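A.B. asks: Sequence and predicted structure, then a few things I'm wondering about:
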There are 2 protein chains.
Amino acid sequence: MPTIAFAPSGKSADVPSGTRLSDACRQAGFTLPTPCGGNGTCGKCRVHVVSGDVPADAKQRACLSPSQLADGWRASCMADVAGDLTLADPDAERPEVVLTDIGGRGAEGLGGGLWSVDVVLAKPTKEDQQNDLDRLRHGLADAGMDRADALLFDTLVLAALPGVLRQNGFAVRVTGLGDRVLAVTGREAAGRRLGLAVDLGTTTMAAALCNLDTGEVLAVTSRANPQSLHGDDVISRMDYAIKGTGELEEMRLLALDAIRALADDAKREGYADEAILLVAVGGNTVMNHLLLGVDPGALAVSPFIPCYRAVPPVPASSLGWSGQSPLMLIVPNIAAYVGGDITAGIAAHDVADLPGVTLFLDVGTNGEIVLAANGRVYACAAAAGPAFEGARISQGMRAQPGAIHWLDVADDRLVVKVIGDAVPAKGICGTGLLDAVAALLRTGIIDESGRMLDTDEAEELGLSADLAERLHEGEDGMAYWLERPTGHGDAGVALTQRDVHEFQLAKGAVAAGVKVLLGVAGVAAGEVDRVFLAGGFGSYLRPESAVIVGLLPEGIPAARVEAVGNASLAGTRLYLLSVTERERADALLGRVEYVELSGRDDFQHAFAEEMLFPSG
Amino acid sequence: MPTIAFAPSGKSADVPSGTRLSDACRQAGFTLPTPCGGNGTCGKCRVHVVSGDVPADAKQRACLSPSQLADGWRASCMADVAGDLTLADPDAERPEVVLTDIGGRGAEGLGGGLWSVDVVLAKPTKEDQQNDLDRLRHGLADAGMDRADALLFDTLVLAALPGVLRQNGFAVRVTGLGDRVLAVTGREAAGRRLGLAVDLGTTTMAAALCNLDTGEVLAVTSRANPQSLHGDDVISRMDYAIKGTGELEEMRLLALDAIRALADDAKREGYADEAILLVAVGGNTVMNHLLLGVDPGALAVSPFIPCYRAVPPVPASSLGWSGQSPLMLIVPNIAAYVGGDITAGIAAHDVADLPGVTLFLDVGTNGEIVLAANGRVYACAAAAGPAFEGARISQGMRAQPGAIHWLDVADDRLVVKVIGDAVPAKGICGTGLLDAVAALLRTGIIDESGRMLDTDEAEELGLSADLAERLHEGEDGMAYWLERPTGHGDAGVALTQRDVHEFQLAKGAVAAGVKVLLGVAGVAAGEVDRVFLAGGFGSYLRPESAVIVGLLPEGIPAARVEAVGNASLAGTRLYLLSVTERERADALLGRVEYVELSGRDDFQHAFAEEMLFPSG
């Protein structure tokens, strides 16, 4: 059996011949990024072969450049193990910079809608052998509860009931939501009533452990969405999930287990003994379909139909959550590509009810856009592609240590900031990309069509040496050094002509979506009173850059743009905390008018226009 | 690592030193009977050591006789592996004779209470992007269904909905029970509506696959209850389950998986494509508590309190049943030791409603007794112990091939019948034991106190040589050959003085229970119009023998005794088939008066009397 060894760590894995090299790496403990879902289109899973042979065949040549191949890099998802290999340790998984900052307003109403009733029951005797369940129901009825005989006990609650009653001398507290009983505990030991709000993001999941009665956030945790193994965007995830029931089930369990892990992480901070009674989940439509194991096939193709917008609370036990089993509240979806995360986000920031005109943007792989104007609310989704998340950009990466995340021109020099102040920089993330394109536009290195000048043309711009000499002929057309190689073996970080074109596709889609909504609402850009930018990219981007590149329509001053942080998590927390908030968010389903962009002539037209940069 | 080898099969297992020998046997593929749950009290898991050393220590001496130990037998549950061993192949697991004969009356009402509605929905378009769930709810409402918006969709039904709608061109059949939707299928492909009735017995499980609309039984299957690994009786099972949450969960999964296996077995006979929509489960209270994972602790100790008598239908998905997920209907329990199996049994035979006086007996490890007289219905449970199931009898065994199951004296000779006509006989099962005791009583070999005569006393009886010479001095007091050793290495089958005493305990408990109920009801034995004997032991026993030994009270002629087969399965099938039957069985909970025997003076008194045999 061939051995795949890693240096300098000394880790290794023995795998049968024919094993996919990426699987062998995973077996040895290295999980490589596979934004394209292992389809050999992104090259991000590349490994550096130190010794042994991995042929540079056609599949490899399709993923990697000739110089990468010559340097010994291979795409691990496209190679099969044929013999012993030694590879350089891939970069360890780095924690992403995650937006766990919860903005949004205070909750109206608290307590999660839960009821709790204390009862003291007569202890059974040989003369009174009534069973535990009927004894408890009668106690609840005696305490004034209506329809105690119709209460539904979660199987896990029933399972523990005999022990709980006896350990507490038949004096217990019963807690439920509607007609479901969620917990029976001792009255002293009942502790706080906890809930978990989960932002189920495609890339990153974040969770807030909350005291349901005070609204206090007790702990915030985050994890990468482990479904990323099967692609970075919702399309790759769906492609994988619809392969078969095994794959769909795998995706479901990956999401469920990650939510459980988030709960465990949060509770590790000192709330171990208290049960989480409710879990609210705000995720895009694809994510929450996969979480429930729902076939996403119809979401992926026109006319893009979700299986559901709203579902009643789901007992986690019915999903296979064992041990404590909370009730799961899924924040309802507006449409196939405007999901519960957006419902939550606009609820958290009262987008539908603010006076004047409000634009809400959550830009990631998809740009979800909500416009509230004149008492009506419109929403659409624009397929931005993954450029803003660092994918399909030659040196793009997620917002992790080592990524250039900020860039500007000052005193005729390019200034970059790297996450974690890492030296040398390893790549560029979405906000860095936006700044870089804005800087090149301002200096004139790229023109309004997105074309990068050649060195002769650039000379005529009269730029400083620092700015001018970064422009160079790359392997695949013109490129611009954001950070030059240090001479210590690193490759430097460059932005290529192709990267600029990728950026144009992404920003063009979002800007066109905004334009269509403004048109549908009959509102001019200048009339927009405020722009809320949600999500990681939106919260960390510099509004000036967004205006320069035309991501936001001309006429909106940068000062009207406000980053609102993780609006999805903020709104999901509200959804968790009270019935009033739930009703308010649920009511948005009847208020938001969804505008399907695909096939609209005005969208196609706007997209073509917005691919260009402002002539300004 | 020591090797445990088996001869002549050649099977083996390599196990770490210190492994329990019974676990090593299991690993090699031999599952030994452990009626006592591996507590070293029954010796039934003994293995014959051919080579290698297993010390005959105190634990072994507590389980096995000196001659067994000298012959090389060891109790595998009490031995740890210390080095290589060769063992004789244990007898392969033999199929038990299982009572799958379903008696009982025809069902009143059919269809399982299910509703099915056909709907034809408009196909979604870009102009009509309504989600699948709301589209279906509206279709159901248009078809006249009330409260379609409140229907609860099982997660698995929801998960499959997008595919089902599209594969069937949005023309589907929706099937549910009450407010739960259990299936959405194509209208052509919907097929029969199937249900499974399960007799969840402590020893054996049996299931009937039924067409819910015709009541037809399509297939009957049975399996040993895999929980037997942890003891043969409900007490051992509870002892194991209350050790910790892991053990309880193990018991739950053993039961659940066995029900699924029964369903698969039944469907293998040609119903693979049709979904089982309902599963009705009739089991004793301990069995159905363990199936739901409910802590049985309070059932095991006075005052013997069940967690519940009745529970609402349980979606199998909430128990972790994946794939098809039927709704489970648990036949309600009357008391801690009069479970849903008895509710089902008396419902199937209309015990509560027949004119006159009816006695219903289900004798196994527990004797459950129901007496209907003068418009009232009484029930009690007598702890018979496992003698009727062949346990705690020196050569007792279950009703499997090789067991003496019938015995009589004819022409001054003892005549025995062996299951499967096996030669030589291997042991004796419950009905054989009953016949043997009856025969020895009739010949005078045992007296009314249960004492076996010595050979001198027996001579005075003037018996034939065949009958007299079977009496002999055994290792542990007097014994009686039911079948002598053939001289080909078998041990013969003998009934010992101790066996007779074990039998007396069992029959005394049941007879005393009957006496107490007759007393409570104010009815004389002679007034009993009919006796229904349910279950394997009851159905195969000879009523004459039962009367001779006093298992049934004096005054009831054998002709009034009727074997009713697997009454639990019959009644569970009715419970499955219609709402009327369910209501009728559920109503028994309010009609049956439970009589707790433990601590009753009249029971203690009757037990002491009924331990003796009738003087007649």
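C.D. replies: Yes, it's here.

A.B. asks: Going by C-alpha atoms from here, please, whenever you check contacts or count neighbours.
C.D. replies: Will do.

A.B. asks: Wait, a strand at A:Leu354?
C.D. replies: No. Read with DSSP: H, G, I helix; E, B strand; the rest coil, A:Leu354 is coil and lies in no strand.

A.B. asks: Check the gap between it and chain B for me.
C.D. replies: Taking Cα to the nearest Cα, to the nearest Å as the measure, A:Leu354 and chain B are separated by 28 Å.

A.B. asks: what number of residues lie near that residue?
C.D. replies: Around A:Leu354 there are 14 other residues, counting by other Cα atoms under 10 Å in any protein chain shown.

A.B. asks: So what does A:Val279 have for phi and psi?
C.D. replies: phi -130, psi 120 (degrees, to the nearest 10).

A.B. asks: How about A:Ala5?
C.D. replies: Dihedral angles (degrees, to the nearest 10) for A:Ala5: phi -110, psi 150.

A.B. asks: and the closest residue to it other than its chain neighbours, how many residues sit next to it?
C.D. replies: Leaving out its chain neighbours, the residue that sits closest to A:Ala5 by Cα to Cα, 6 or more residues apart in numbering or on different chains is A:Ser12, at 4.2 Å. As a burial measure, A:Ser12 scores 19 neighbours (other Cα under 10 Å).

A.B. asks: A:Gly526 too?
C.D. replies: Using other Cα under 10 Å, the number of residues around A:Gly526 comes to 12.

A.B. asks: State the number of residues packed around the closest residue to it other than its chain neighbours.
C.D. replies: Nearest residue to A:Gly526, sequence neighbours excluded (Cα to Cα, 6+ apart): A:Gly555, at 4.9 Å. By the criterion of other Cα under 10 Å, A:Gly555 has 12 neighbours.

A.B. asks: Next one: A:Leu277 from chain B, what distance?
C.D. replies: 17 Å.

A.B. asks: Against chain B, how distant is the closest residue to that residue other than its chain neighbours?
C.D. replies: Once flanking residues are discounted, A:Leu277 sits nearest to A:Pro326: 4.6 Å by Cα to Cα, 6+ apart. Distance, A:Pro326 to chain B, using Cα to the nearest Cα: 12 Å.

A.B. asks: likewise A:Ser578?
C.D. replies: From A:Ser578 across to chain B, the span is 21 Å (Cα to the nearest Cα).

A.B. asks: Just give me the neighbour total for that residue.
C.D. replies: A:Ser578 has 22 neighbouring residues, counting by other Cα under 10 Å.

A.B. asks: OK, contacts around the closest residue to it other than its chain neighbours?
C.D. replies: Distances taken as Cα to Cα, 6+ apart put A:Gly112 closest to A:Ser578, at 4.3 Å, once the chain neighbours are dropped. With contact set as Cα atoms under 8 Å, 6 or more residues apart in numbering or on different chains, A:Gly112 has these partners: A:195, A:212-213, A:278, A:576-579.

A.B. asks: how about 7 Å then?
C.D. replies: When contacts are counted by Cα atoms under 7 Å, 6 or more residues apart in numbering or on different chains, A:Gly112 touches A:212, A:576-579.

A.B. asks: Then A:Ala509?
C.D. replies: Neighbour list for A:Ala509: A:382-384, A:607 [criterion: Cα under 7 Å, 6+ apart].

A.B. asks: Neighbour-wise, which one of these leads?
C.D. replies: The contacts of A:Ala509, ranked by neighbours (other Cα under 10 Å): first place A:Ala382, 28 neighbours.

A.B. asks: Where does it sit: helix, strand or coil?
C.D. replies: strand.

A.B. asks: Show me what from the stretch 301-450 of chain A comes close to chain B.
C.D. replies: Within the stretch 301-450 of chain A, the residues that sit near chain B (Cα under 7 Å from any Cα of the partner chain) are A:303, A:305-309, A:317-318, A:320.

A.B. asks: Could you identify the most distant pair in those?
C.D. replies: Maximum pairwise distance in these, criterion Cα to Cα, is 33.1 Å, between A:Pro303 and A:Ser317.

A.B. asks: List just the nearest of the contacts of A:Ala509 to A:Arg530.
C.D. replies: Within those, the smallest distance to A:Arg530 is 20.1 Å, found for A:Ala382 (Cα to Cα).

A.B. asks: For beta bridges, what are the partners of that closest one?
C.D. replies: A:Gly367 (DSSP bridges).

A.B. asks: Which residues are in contact with it?
C.D. replies: Applying Cα under 7 Å, 6+ apart, the residues near A:Ala382 are A:366-368, A:509-510, A:513.

A.B. asks: do that again at 8 Å, thanks
C.D. replies: A:Ala382 touches A:366-369, A:509-510, A:513, A:597, counting by Cα under 8 Å, 6+ apart.

A.B. asks: Okay, strands next: where are they in the stretch 101-250 of chain A?
C.D. replies: A:115-120, A:152-153, A:171-177, A:180-186, A:194-200, A:204-211, A:217-224 (DSSP state E, counting those that start in this stretch).

A.B. asks: Spell out which parts of chain A neighbour chain B.
C.D. replies: A:124-126, A:129-134, A:152, A:155-156, A:158-163, A:292-298, A:302-309, A:312, A:315, A:317-320, A:596 (Cα under 8 Å from any Cα of the partner chain).

A.B. asks: Kindly recompute the last result at 6 Å.
C.D. replies: A:125-126, A:129, A:131-133, A:159, A:162, A:293-295, A:303, A:305-308, A:317-318, A:320 (Cα under 6 Å from any Cα of the partner chain).

A.B. asks: residue ranges with poor pLDDT in chain A?
C.D. replies: Where chain A drops to pLDDT under 70, the residues are A:34-37, A:41-42, A:67, A:91-104, A:189-190, A:272-273, A:616.

A.B. asks: How about the residue in chain A that sits furthest from its center?
C.D. replies: Taking Cα atoms, centre = their mean, the residue of chain A most remote from its mean C-alpha position is A:Glu127, at 59.2 Å.

A.B. asks: Next one: it relative to B:Glu581, how far apart?
C.D. replies: A:Glu127 is 30 Å from B:Glu581, where distance means Cα to Cα, to the nearest Å.

A.B. asks: Ok, A:Val500 next?
C.D. replies: 73 Å.

A.B. asks: Also A:Thr125?
C.D. replies: A:Thr125 is 32 Å from B:Glu581, by Cα to Cα.

A.B. asks: Which one's more surrounded, these two?
C.D. replies: Neighbours were counted for A:Thr125 and for B:Glu581 using other Cα under 10 Å; B:Glu581 has more, 25 against 12.
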